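S.K.: A structural model of the following input is requested.
(one chain, ligands or ions: 2)
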Amino acid sequence: MAAERPGRRSCDCKIGRDIDRYQLDQLNEQLIRNRQDNELSLRDLATFVNHRVLEAAIEGASGDVLEDESDLFGALDQKDAIAAIYGALRDEDVPPDRRARVRTRLTQAGVDLDTVEDHWVTHTTMRRHLQECLDLDTSSEQTLEPDNAKSTIEWIRTRCTAIVVRTFERLQSADHLNITDLDVSVSIRATCTECGKTYSPSKLISRGHCDCYQDPD
Ligand SMILES: [Zn+2]
Ligand SMILES: [Zn+2]
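M.R.: Ligands and ions are numbered 1, 2, ... in the order given. Here you go, the predicted structure:
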């Protein structure tokens, strides 16, 4: 397979050039994993690359934008801060003054934004890179196995719990919340609107149907 040493083999396409330019050594492995295990769409994968490009450009610049912006956006970690900055630059519903402020901050910190934006990729570039450079089949979406579905949902639940815990911690350290010992749990429930029965995701996935479901034949 073409991706024997995916991290070290930069191809000739725009993504390969980004890998070299920003020294994104793990990028191809991450793309393969995000595609195969986490089933990210081409669009999400392109965003993933653009985040990494933006992150590398910011890290390579002189200012400490990340720290400032983390506070500003209330982001929990560097990944969230990057996503927030990227959103501020890209999302259509961002107020123009906020976008302008973020652009100014980045520029003042020494980030060459026009160049960075030139290096961002689209889902079309992503499709070509996966197909032609990494030999991944993108013709059809892979079928989702029940076990993968369970672990995706569990991963999200764990991450969600962690975010809630961190948010409470931030409130506590800002003195907006006082509690000695806090235990946070997040549970995800799925309800059949036909009969009203509620399941945990893993139970529903294991059963493969609701109790009320009648096989057509
Ligand atoms: Zn490529
Ligand atoms: Zn039902």
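
S.K.: what does this protein have sitting close to ligand 1?
M.R.: Neighbours of ligand 1 within the chain, by CB under 5 Å from the ion: C11, C13, I15, G16, H129, C133. For the C-beta atoms, the positions are set from N, CA and C on the backbone; glycine is no exception.

S.K.: Which of the residues you listed fall in helices?
M.R.: With DSSP state H as the criterion, helices contain I15, G16 from among the residues of the chain next to ligand 1.

S.K.: count of residues packed around T161?
M.R.: If you count neighbours by other CB atoms under 10 Å, T161 ends up with 14.

S.K.: doesn't I188 make contact with it?
M.R.: No. Assessed by CB atoms under 8 Å, T161 is found out of contact with I188, at 10.7 Å.

S.K.: Distance to H176 and pLDDT for the residues of the chain next to ligand 1 - can I get that in a markdown table?
M.R.: A markdown table is the format used below for these (distance: CB to CB, whole Å; pLDDT from 0 to 100):
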| residue | distance to H176 | pLDDT |
| --- | --- | --- |
| C11 | 50 | 92 |
| C13 | 49 | 96 |
| I15 | 44 | 97 |
| G16 | 48 | 96 |
| H129 | 46 | 95 |
| C133 | 49 | 92 |
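
S.K.: Identify, from the residues of the chain next to ligand 1, the entry nearest to V49.
M.R.: The closest of the residues of the chain next to ligand 1 to V49 turns out to be I15 (CB to CB; 6.3 Å).

S.K.: residue contacts, the closest one?
M.R.: L27, V49, V121, T125, M126, H129, C133 (CB atoms under 8 Å, 6 or more residues apart in numbering).

S.K.: Which residue, neighbours along the chain excluded, lies closest to the fourth one?
M.R.: Nearest residue to T125, sequence neighbours excluded (CB to CB, 6 or more residues apart in numbering): K14, at 5.2 Å.

S.K.: Quick check: the gap between the spatially most central residue of the chain and ligand 1.
M.R.: Of all residues in the chain, the one closest to the mean position by CA atoms, centre = their mean is F48, 6.1 Å from it. Distance of F48 to ligand 1, computed by CB to the ion, to the nearest Å: 15 Å.

S.K.: Would you confirm that that residue contacts Q30?
M.R.: Yes. Under the criterion of CB under 8 Å, F48 makes contact with Q30 at 7.3 Å.

S.K.: Which segments of this protein make up each domain?
M.R.: Domain assignment for the chain by automatic domain parsing gives 6-133, 144-186, 188-217.

S.K.: most tightly surrounded among the ones you listed?
M.R.: Among the domains of the chain, domain 6-133 has the highest mean neighbour count (mean count of other CB atoms under 10 Å), at a mean of 16.

S.K.: gap between that one and the chain center?
M.R.: 11 Å (CA atoms, centre = their mean, to the nearest Å).
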